[in-house]
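Participant: Here's a sequence, model it:
(2 chains)
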Protein chains: 2
Amino acid sequence: MSKSKLLIKNPLHPDGAQRDILVEGNRISAIGEGLVTEGAEVIDASRMAVMPGLVNCHTHAAMTFFRGYGDDLDLMDWLNNMIWPVEAHMDEEDVYIGAKLACLEMIKSGTTAFLDMYSFPHGTARAVDEMGLRGNISYTIFDQGNSKRAELDKRNMERYLEEFKRYTDRVSFSVGPHAIYTVTGPMLQYTHDFAKANDVLVHLHLSETKGEVDNSIKEYGTTPVRYLEQLGVLSPNLVLAHSLWMDSEELQILADHGVACVHNPASNMKLASGYRFKLEEMWSKGIRVGIGTDGTSSSNNLDMFTAMKLTSFLAKAWSGDPKAGKAKDVFDAGTSAGANILRLDAGKVEVGMLADLALLDLDLPEMTPCHDLVSNVVNSANGSAVDTLMVDGKILMRNRKVPSEEAILAEAREYTERLFAKSKQKK
Amino acid sequence: MSKSKLLIKNPLHPDGAQRDILVEGNRISAIGEGLVTEGAEVIDASRMAVMPGLVNCHTHAAMTFFRGYGDDLDLMDWLNNMIWPVEAHMDEEDVYIGAKLACLEMIKSGTTAFLDMYSFPHGTARAVDEMGLRGNISYTIFDQGNSKRAELDKRNMERYLEEFKRYTDRVSFSVGPHAIYTVTGPMLQYTHDFAKANDVLVHLHLSETKGEVDNSIKEYGTTPVRYLEQLGVLSPNLVLAHSLWMDSEELQILADHGVACVHNPASNMKLASGYRFKLEEMWSKGIRVGIGTDGTSSSNNLDMFTAMKLTSFLAKAWSGDPKAGKAKDVFDAGTSAGANILRLDAGKVEVGMLADLALLDLDLPEMTPCHDLVSNVVNSANGSAVDTLMVDGKILMRNRKVPSEEAILAEAREYTERLFAKSKQKK
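Facilitator: Now for the predicted structure:
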C-alpha cells in the first residue's frame, strides 16, 4: 500500500517565512516553496503558523477528575483529606476515562506527546492508543520498604513491559519509582538495572520540596542527587520531575551523567513547593530540560503554552534578569528538548522528522501583530490558538474540532460524579 | 421608548446553581429560577456559566503594536532602542487602531472595562466608544520639570476633561501623572487638586522597581509612598499601578488614605521588576486591590484570566503558603474590586448592577469537571472560554464572534507595518 500524502500549503515558520510541508506516511518528507504533489490531501495554511507539537514531560493524566477539587490547601491536608480518599476508589476504567479527557485537553492545546505516571497503566495506555497521541506511561513503583509490595512491583514491571507490546508504536512503557521517600535504595537500583536491560526510561520525582531535601539529609546523610549518585542509578535514561531544590554541584553531577530534568512551574507555584528552578544554570551545564504541567490537581490544566509562559516569566522574575528564560530557548524546551527526553524523532519541523505538528490560527488578536512567531507562542497565545493537530501523520483535530469531544466530556462528567459518589458512600 | 429586554436562561452561577438573569436596558433587573418575560430576547445558557466582566485596572491599550517586539532585553535597552524610537512616530490614528485591536482582544477574553494610560487619549477613547467597552482613559502627564510642558499639561487636562463629554457614559476621563521620577512634586499636587475638584481618578505608576525606591530616597529623602504622603496627594481617587516595593508601614499609610493598588504580575515577572507583591497583607489591611495586564509590550497579552492565574500562583509561590491568593479572593479582585476602583456599579451578578457580563462555555476540557466554577476560571481556563460578552446590556460577542474582528485585525497589521516603516525611514 502506498503511503498517505498530505501537503500543508504556505504555513508561517518560526523564521518568518512561508514554506510548504509535505507529509508522507508518518514523517515529513519535504519542505519548500511551491511544492506540488499528485494525490496529496491539501491543507491551506496561508493564515496559519506551523510548529512542532508540544511535549509534556511530566503529568498524571487521569487526575483530570480532580481539577479544581481542594485548591488552596496545605499539601498534606490536600492529599490526606481530599485526593487519597477518592483515589482509593479508582479502577482501570476510571483511569481510562480520566486519561481520555486529558488527551482531549492536550490535543486541543497543541501537545502531541507526554510522559505519564499513575496507577492502572493500561487505563492510560488505552486512552492514548485510542486518541492518537504519543504517550510514555510509567508503571508507578511505591514500595515504601514493604518487601511483598516490592516483589509485586518487580513482577508487574516485567508483566507490563510484555503487555504493552499490544499497543501501537505511539505508546511506550517506562518505570516510575515515585520518589526517594517512597521507594527504597535497593528498589531504585533494581529499577535502574531493569531500565538499562530493557532500554526504557526511569521517571522519578526528585527534589520537589525543601522538606524532601531535609529528609534526605536526615535519612540518607546527603542530598537527593548525591544519594542517587551513591546508589549508582544516574544515567541518560533517568528523567527527574521537578528538580527544584538542587545546588550547583548537584547540577554538575546530573550533567556529567546525562540525566534529564523537567520543570513544572504551575505545580511548583500553586503548591508553594518553590520557584527557583535553575533553568539558565542547567542549560549552561548542558542538562536537557523539558517542561511539564504536572497533573491537573496541582496545575490546574494541561496547557503547555501556559507552562512555557510560566517557565519564561518565572525564570526572569526570581533571577531578576529579563534576559533569562528567552522565548526561543523555552520554545525549544517545550518541543525539541522534550522530544529528545522522550526519545522521539520529533520536536522540529524538519525533513525526516515524525509528523507531529500543530497549525496555529494567525487571525487572533493575541497573535497580532506577528513581529516574532515564537514570542507570540510563548508569551502571548494560549493553547486555544491551535487550529489543527497532527500526530504520526494523522490529523487529530481540525478547525478546533476533535470528532469525539462531546462524548468524552459527557463521559468524564458522568465518571467524576460516580467516583465521588463512591468515595462518599464508603467513607 | 421601552427598555430592551434580554433573558439569559439557566447559566451556572459561581455557587453551583443555575438561575436565569433578566437584563432590562443596561442593568440586571431580576435573577431567579424560571423567569418568564414577554418580548425578551432569550439566550439559552444551559451549557454556560455566567460571571461578571473582568476589569483590567492598568494597561496601555495602544501598545498592542509592540507585542513580541524586543522581548528578553534589559529595561533601558528595550525602551531606548526598541520602544521609544517607534513611539516617537505614533499619531492619534495609530493609537486609535492599536486600541481597537486591544479592545477586540479584551472582548474576546472577557474584559468589560479597563483603566488606560497613553498618549493621544482621543485615539483610545474613540476605540472604546466604538467597540462598546468601558474605558477610563488617563491623560498622561510627563513634565520632567519642564515648566512649559507643565503648563501645556495643565491646559490639556482642562481641555480633555471638557472634550471627553462628547463620548458615551462608557468612556471616562482621568489624569495620569506617569511616575514620581517623571513628574515634579508641585505637578503631582496640582493633579491631586484637579482630580478632587473634578471628581476623577489619578492614575500613577508607583514603586514598580527597586531602582525607583532607591532613587526616591536619594532625590526626595524617603520612599515613594511616604513622599506622596508628604506632598499630601494620597486619597481614595488615587490608583497606584504596580505597588510592588512597599514596606508594611507604607501599606498602612495607603490603607489609611483609601488608596487603591493594582497588581500587574505578568509585567512584573517578564521585566524582572520583582515578584513579592504583598497581596495578602494588602487585603488584611483593607486595601482595594485590582489586577491589570499592563501593556502588551510587557505582558504580552491582555488576557485577565492569565493575570488572575499569575496573581494566585505567584502569591503562593513567593510566600511559600499554598493558602495565599485563594481563587475566590483573586476572582473578586479581577471583578468586583476592579469595578469598585473604576467606580463602576458593576463586578457582581446582582440585581441593580450594570449588565457587564461574560458567559463561559462549559463544554471545554479545561472546564471539565466543574467541582468549583471559580477555581476553573482562575486556575484552569483562559480567555478563550468566553462565548458571549455583554457590556451595558449590549452583546459585543456571541459564539466567540465579534462582528468587526477580521477588519480590525487586518487594519492593525497594516498600521503596524506602516508605523515600523516610518520609524525606520526617519532614523
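
Participant: Identify all contacting residues around the top helix by length along chain A.
Facilitator: The longest helix of chain A (DSSP state H) is helix A:405-425. Residues from elsewhere that reach helix A:405-425 (CB atoms under 8 Å, 6 or more residues apart in numbering or on different chains): A:64-65, A:85-86, A:88-90, A:93-94, A:97-98, A:100-101, A:104, A:108, A:402, B:363-365, B:368-369, B:371. Bear in mind the C-beta positions are built from the backbone N, C-alpha and C, glycine included.

Participant: Tell me which of those fall in helices.
Facilitator: Short answer: the contacts of helix A:405-425 in helices (DSSP H) are A:P85, A:V86, A:E93, A:D94, A:I97, A:G98, A:K100, A:L101, A:L104, A:K108.

Participant: Looking at those residues, which is nearest chain B?
Facilitator: When the ones in helices among the contacts of helix A:405-425 are compared for distance to chain B (CB to the nearest CB), A:L104 wins out at 5.0 Å.

Participant: can I assume that closest one is in contact with A:K401?
Facilitator: No - applying CB atoms under 8 Å as the test, A:L104 and A:K401 come out as separate, 11.3 Å apart.

Participant: Neighbour count for the two, which is higher?
Facilitator: A:L104 (27 against 12; other CB atoms under 10 Å in any protein chain shown).

Participant: For the more buried one, report the pLDDT, please.
Facilitator: In this model, A:L104 is scored at 98, pLDDT.

Participant: cool, and the one 4 residues further on?
Facilitator: Per-residue confidence for A:K108 comes out at a pLDDT of 98.

Participant: now it: how far from A:T124?
Facilitator: Going from A:K108 to A:T124 by CB to CB, to the nearest Å gives 18 Å.

Participant: residues in contact with the residue in the stretch 101-250 of chain A positioned nearest to chain B?
Facilitator: Distances between the stretch 101-250 of chain A and chain B by CB to the nearest CB are smallest at A:E105, namely 3.5 Å. Going by CB under 8 Å, 6+ apart, A:E105 touches A:T64, A:N301, A:L302, A:D303, B:P365, B:E366.

Participant: Residue numbers of the stretch 51-200 of chain A in contact with chain B?
Facilitator: Residues of the stretch 51-200 of chain A lying close to chain B by CB under 8 Å from any CB of the partner chain are A:64-65, A:67-69, A:71-75, A:78, A:101-102, A:104-105, A:108.

Participant: Go through the residues you listed and name the one nearest A:L271.
Facilitator: Taking CB to CB as the measure, A:L271 sits nearest to A:L75 out of these, at 6.0 Å.

Participant: Backbone dihedrals for the residue lying closest to the closest one once chain neighbours are set aside, please?
Facilitator: Leaving aside its chain neighbours, A:L75 sits nearest to A:L271 (6.0 Å; criterion: CB to CB, 6 or more residues apart in numbering or on different chains). A:L271 adopts backbone torsions of phi -90, psi 0, taken as degrees, to the nearest 10.

Participant: Which pLDDT does the model give A:L271?
Facilitator: pLDDT, A:L271: 95.

Participant: I'd like to know how far it sits from B:V349.
Facilitator: A:L271 sits at a distance of 31 Å from B:V349 (criterion: CB to CB).

Participant: cool, A:D303 as well?
Facilitator: Separation of A:D303 from B:V349 (CB to CB) stands at 27 Å.

Participant: Neighbour count for the two, which is higher?
Facilitator: Legend: neighbour count by other CB under 10 Å for A:D303 and B:V349, higher for A:D303 (29 against 22).

Participant: tally of neighbours for A:K9?
Facilitator: Using other CB under 10 Å, A:K9 is surrounded by 17 other residues.

Participant: no wait, A:L73
Facilitator: 17.

Participant: hang on, the earlier thing: and A:K108 and A:T124? which has more neighbours close in?
Facilitator: Ranked by neighbour count (other CB under 10 Å), A:K108 and A:T124 place A:T124 first, with 30 against 23.

Participant: Might you report the residue contacts of that one?
Facilitator: Neighbouring residues of A:T124 by CB under 8 Å, 6+ apart: A:A61, A:A62, A:V95, A:Y96, A:A99, A:D116, A:Y118, A:G135, A:I137.

Participant: for chain A, what are the low-confidence residue spans?
Facilitator: A:1, A:426-427 (pLDDT under 70).

Participant: can you tell me which residue is nearest the centre of it?
Facilitator: Centroid check for chain A by CA atoms, centre = their mean gives A:N56 as the closest residue, at 2.1 Å.

Participant: Am I right that that residue sits in a strand?
Facilitator: Yes - counting by DSSP: H, G, I helix; E, B strand; the rest coil, A:N56 is found in a strand.

Participant: any idea which element the nearest residue to A:L206 once chain neighbours are set aside lies in?
Facilitator: Sequence neighbours aside, A:L240 is the residue nearest to A:L206 in space, at 4.3 Å (criterion: CB to CB, 6+ apart). Taking DSSP states H and E as the criterion, A:L240 maps to strand A:238-242.

Participant: Give me the residues contacting that strand.
Facilitator: Here strand A:238-242 makes contact (CB under 8 Å, 6+ apart) with A:57-58, A:115, A:117, A:192, A:201-208, A:228, A:254, A:257, A:259-264, A:267-268, A:273, A:290, A:292, A:294, A:341.

Participant: packing partners for the helix or strand just after it?
Facilitator: The helix or strand immediately downstream of strand A:238-242 is helix A:248-256, counting by DSSP H and E. Counting contacts by 3 or more CB pairs under 8 Å, 6 or more residues apart in numbering or on different chains; DSSP states H and E, helix A:248-256 packs against helix A:224-231, helix A:279-284.

Participant: in the longest one, what's buried?
Facilitator: What that stands for is helix A:224-231. For helix A:224-231, a neighbour-count test (16 or more other CB atoms under 10 Å in any protein chain shown) marks A:P224, A:V225, A:R226, A:Y227, A:L228, A:E229 as buried.

Participant: ditto for stretch A:389-407
Facilitator: Residues of stretch A:389-407 classed as buried by neighbour count (16+ other CB under 10 Å): A:L389, A:M390, A:V391, A:D392, A:G393, A:I395, A:L396, A:M397, A:V402, A:E405.

Participant: thinking again about what came up before, could the C-alpha coordinates of the strand holding A:L240 be exported in CSV?
Facilitator: C-alpha atoms of strand A:238-242 as CSV (Å, rounded to 0.1, in the frame of the first residue of the first chain):
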residue,chain,number,x,y,z
LEU,A,238,16.7,8.9,34.1
VAL,A,239,14.1,11.7,34.0
LEU,A,240,13.7,13.8,37.1
ALA,A,241,10.4,15.6,37.6
HIS,A,242,10.6,18.9,39.5
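
Participant: now the angle from that strand to helix A:248-256?
Facilitator: Orientation check (axes from the mean of the first three to the mean of the last three CA atoms, to 10 degrees): strand A:238-242 against helix A:248-256 gives 140 degrees.

Participant: Run the chain-centre distance for strand A:238-242.
Facilitator: 11 Å (CA atoms, centre = their mean, to the nearest Å).
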